[in-house]
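K.L.:
sequence and predicted structure are below.
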Amino acid sequence: MRPVDSDDAELIAAIRRGDVASFEPLVQKYQPRVFGTVRRYARRESEVEDIVQEVFIKAFHKLDTFRGAAPFEHWLMRLTVRMCYDFLRAHRRRREMAFSDMSDDEGDWLERFAADPDTASEHADAARELVNRVLEQLSPAARLVITLHEIEGRSVKEIAALTGWSQPLVKVRAFRARAEMQKCLARIARKKYL
Amino acid sequence: MNVVELQKKLIAAARVNPPGQGVPYAFERRIMTRLAGERMADRWALWARALWRVALPSLAAAVVLSIWTYTSGAGRGPEISLARDLESTVYAVVDAPAETR
């Protein structure tokens, strides 16, 4: 594991000595990464900003628990992922997706896929919107594990470190999450073609 | 419709379209302002907490002293007259030269 960046270590030491202003360069350095991660779980920009702000405030208050064995970025991302999971659990919006919710573009993309899967491009905006809609239907744990494992391509070990779950639990949740997503997609397909 | 294939396609769509990492203007200032506000509030909270901490021991000391005063009879001595004391203090100046003469 890489040691802590020397710049980060100096800033963290200064913050621990009571120099609050030293936290600002740390925020500037890591905020794009935190924003990118949070936007995977929250859609509204106001929610994203609130979560990112809470992540940094919590990081500041919990800085004493950072031991410096791993890079600060890893520690911060672990905090970010856990805050996102808490957000998902607190804002469970598991209403069933209605077809009136789906845009024309999304419906067209789905029809193209049904006719010939190869003609439906994954680069299309409609595909991106549709996957976001489907992810919103999933339970918080399923959404988190699909995002980390399938979309971000992280290993089971990495997910265990990020979430605090054991590796067997990550595997079980990944299996269940895939099944949950397939069930959700089957429901969409059934509604559309029955 | 092949659901497994659809799942793969949608996950691929999510992979090729990662969310942006754009940051609102001066976002770090917002965090620093909130931290500064928290520290100010912290000082007041510390002061309030300190007051609360000493409130109970002070009350206990007051009760103990009241009981001690009552049981020792310290409050039952000769009546203290402020008027008489004031009078003797004021006239002390007049009485004193006669004594020293």
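P.N.:
Good, I have the coordinates. Residues are numbered from 1 along each chain as shown, chains lettered A, B, ... in the order given.
K.L.:
how about the longest helix seen in chain B, does it reach chain A?
P.N.:
With secondary structure taken from DSSP state H, chain B has its longest helix at helix B:27-72. Yes. Helix B:27-72 reaches chain A (CB under 8 Å from any CB of the partner chain) through B:27-28, B:30-32, B:34-36, B:38-39. Bear in mind the C-beta positions are built from the backbone N, C-alpha and C, glycine included.
K.L.:
please check the residues you listed and keep the buried ones.
P.N.:
Buried members of those, counted by 16 or more other CB atoms under 10 Å in any protein chain shown: B:27-28, B:30-32, B:35.
K.L.:
my guess is A:Leu148 contacts A:Ala161. True?
P.N.:
No. A:Leu148 lies out of contact with A:Ala161 (CB atoms under 8 Å); the separation is 10.7 Å.
K.L.:
quick one on the thing from earlier: is it possible to get JSON lines of the buried ones among the residues of helix B:27-72 next to chain A that adds pLDDT?
P.N.:
Formatted as JSON lines, those follow (pLDDT from 0 to 100):
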{"residue": "B:Phe27", "pLDDT": "92"}
{"residue": "B:Glu28", "pLDDT": "92"}
{"residue": "B:Arg30", "pLDDT": "93"}
{"residue": "B:Ile31", "pLDDT": "93"}
{"residue": "B:Met32", "pLDDT": "93"}
{"residue": "B:Leu35", "pLDDT": "89"}
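K.L.:
tell me where the model's unsure across the chain.
P.N.:
Defaulting to chain A. Low-confidence segments of chain A (pLDDT under 70): A:1-4, A:93-100, A:192-194.
K.L.:
please refer instead to chain B.
P.N.:
Along chain B, segments meeting pLDDT under 70 span B:74-80, B:97-101.
K.L.:
now do the SS call for B:Pro19.
P.N.:
coil (DSSP: H, G, I helix; E, B strand; the rest coil).
K.L.:
look up how far A:Ala177 lies from B:Thr69.
P.N.:
73 Å (CB to CB, to the nearest Å).
K.L.:
these two: who's more crowded?
P.N.:
More crowded of B:Thr69 and A:Ala177, by other CB atoms under 10 Å in any protein chain shown: A:Ala177, with 22 against 12.
K.L.:
which strands or helices does whatever helix or strand that one lives in pack on?
P.N.:
Per DSSP states H and E, A:Ala177 falls inside helix A:167-193. Packing contacts for helix A:167-193, counted by 3 or more CB pairs under 8 Å, 6 or more residues apart in numbering or on different chains; DSSP states H and E, involve helix A:104-115, helix A:125-137, helix A:140-145, helix A:156-163, helix B:3-16.
K.L.:
so which of these comes closest to A:Ala14?
P.N.:
Closest to A:Ala14 of the helices and strands packed on helix A:167-193 is helix A:156-163 (CB to CB; 27.3 Å).
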